[in-house]
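1. My questions are about this predicted structure, shown below with the sequence.
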Amino acid sequence: MGWYGGVPAAGWAPPSPTEEADALRAELSAAEGEIAAMKARLEELERKE
């Protein structure tokens, strides 16, 4: 989306390194939260066995 014929849409600019780093930190934080939830659920299930 935002591309037409291989040319970026008007007004589009790639993120700055700082913006990209911030986005990656946010994604990593969300992934770590999901992993923590998965580990907690797995431990809960293993205790019930």
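-> Yep, that arrived.

2. For E43, the count of nearby residues, please.
-> E43: 10 surrounding residues under other Cβ atoms under 10 Å. The way it works is simple: take the backbone N, C-alpha and C, and place the C-beta from them, glycine included.

3. oh sorry, the question was meant for E19
-> Neighbourhood size, E19 [other Cβ under 10 Å]: 11.

4. in this structure, which spans are strands?
-> Secondary structure of the chain (DSSP state E): strands at 3-4, 7-8.

5. rank those strands by pLDDT, which is bottom?
-> With a mean of 56, strand 3-4 has the lowest mean pLDDT of those.

6. From W12, how far out is E32?
-> For E32, the distance to W12 equals 30 Å [Cβ to Cβ, to the nearest Å].

7. which residue of this protein sits farthest from its center?
-> Ranking residues of the chain by C-alpha distance from their mean position (Cα atoms, centre = their mean) puts E49 at the top, at 33.2 Å.

8. who's in contact with it?
-> For E49, the contact set (Cβ atoms under 8 Å, 6 or more residues apart in numbering) is empty.

9. how close does it sit to R41?
-> According to Cβ to Cβ, E49 stands 13 Å off from R41.

10. for A23, same thing?
-> Counting by Cβ to Cβ, the separation of A23 from R41 is 27 Å.
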